[in-house]
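Participant: Show me how the following folds:
(2 chains)
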Amino acid sequence: MWVFILAELSAFAVFFVLYGVARMKNVALFDEMQLTLDRRAGAINTALLITASWCVARAVAAIRVDASAASARWLLAGIVAGGGFLVVKVTEYAAKFAAGVGLDTNLFYMFYLSLTFFHFMHVILGLTILLFVWHKTRKGGYCAADHHGMETGASYWHMVDLVWIVLFPLVYVLR
Amino acid sequence: MNTVVSAFPPRWLDAIWLLLLLGTGATWWLGEDGRGGLGVALFILAIAAIKGGLVISEFMALRGVRRLWSLALSAWLLLVLAANLAAYWKGI
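Facilitator: Model (predicted):
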């Protein structure tokens, strides 16, 4: 899983560096277009992903002391927070599409849409993994002595959070 | 993946969560404030570096264990942020 996570992060690194270079060559366009983004939605989504990560970290801490019921509850809370991210992001996309924004609008929006959608797909995969881990935790599939699967799922989720922690300031704030 | 003994009591995780939310609030405020410039950019990216570092060391439970993975993730974070800071600086 760690190799997979590093491969995923490498793909995002290429995206981020390309974004930085594109911005460097089109500062005025990127600054102007960035102002059309919903920074509040971006901040709320950052808070939701951070909260989901915290819940998942608490779930792992709980299973390490064999508190599987509490662990399942923390996982469910994390899944709800992650689901909240998807709702906010879909709302944001809907507003942009309604305004006629698309991949071909300009270079900024090409990066914004492709970067955030690539991340969006990772959130869906991360939530799918968390749902599987939650289901197994509810059935008593993990304990203090053996919870490798939960740690693996948690690590993937934290990777998704880590990417957004970089994406939010770069795309929504830095100008 | 190796199981590690928890060195992260729940209260500590709660404190990290609050710190991360504080960092997010500060980043959002700087965005709303609208100020630009190298100093502000450096500050914003420094907040991102601290937040990312906390997720890696505390939430991923990589502090003191799995040193190679911890280093790899930290290197990724610093590389991406440094590359964007350099691009920002060149673009001024």
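Participant: Quick check: the gap between the closest residue to A:Phe132 other than its chain neighbours and A:Ile50.
Facilitator: Take A:Phe132 and drop its neighbours on the chain: the residue closest to it by CB to CB, 6 or more residues apart in numbering or on different chains is A:Gly153, 7.2 Å away. (Each C-beta comes from the backbone N, C-alpha and C, glycine too.) A:Gly153 sits 18 Å away from A:Ile50, going by CB to CB, to the nearest Å.
Participant: Helix or strand for B:Ala87, just tell me which one.
Facilitator: Here B:Ala87 sits within helix B:67-91, counting by DSSP states H and E.
Participant: can you tell me the average pLDDT over that helix?
Facilitator: Averaged across helix B:67-91, the pLDDT comes to 92.
Participant: ditto for stretch A:94-112
Facilitator: Averaging pLDDT along stretch A:94-112 yields 97.
Participant: what ranges do the helices span in chain B?
Facilitator: B:10-33, B:38-54, B:67-91 (DSSP state H).
Participant: could the ones you listed be laid out in TSV, adding distance to A:Leu125 and mean neighbour count?
Facilitator: Putting the helices of chain B into TSV (distance: least, CB to CB, whole Å; neighbours: other CB atoms under 10 Å in any protein chain shown) gives the following:
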stretch	distance to A:Leu125	mean neighbour count
helix B:10-33	22	17
helix B:38-54	20	19
helix B:67-91	18	17
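Participant: can you put these in JSON lines and add distance to chain A?
Facilitator: Shown next, in JSON lines, are the helices of chain B (distance: least, CB to the nearest CB, whole Å):
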{"stretch": "helix B:10-33", "distance to chain A": "4"}
{"stretch": "helix B:38-54", "distance to chain A": "5"}
{"stretch": "helix B:67-91", "distance to chain A": "3"}
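Participant: and A:Tyr142, which of these is closest to it?
Facilitator: With CB to CB as the measure, helix B:10-33 is the member of the helices of chain B nearest A:Tyr142 (17.3 Å).
Participant: Show me what the closest one packs onto, helices and strands only.
Facilitator: Judged by 3 or more CB pairs under 8 Å, 6 or more residues apart in numbering or on different chains; DSSP states H and E, helix B:10-33 is in contact with helix A:39-63, helix B:38-54.
Participant: any idea which helix or strand comes after the longest one?
Facilitator: Spelled out, it's helix A:39-63. Heading C-terminal from helix A:39-63 (DSSP H and E), you reach helix A:68-98.
Participant: any idea of the angle the helix or strand that that following helix is followed by forms with helix A:68-98?
Facilitator: Going down the chain from helix A:68-98, the next helix or strand is helix A:107-138, by DSSP H and E. With axes from the mean of the first three to the mean of the last three CA atoms, to 10 degrees as the basis, helix A:107-138 and helix A:68-98 are set at 160 degrees to each other.
Participant: Tell me the buried residues in the helix or strand following helix A:107-138?
Facilitator: Tracing the chain past helix A:107-138, the next element assigned as helix or strand by DSSP H and E is helix A:148-167. Using 16 or more other CB atoms under 10 Å in any protein chain shown as the test for burial, helix A:148-167 gives A:149-167.
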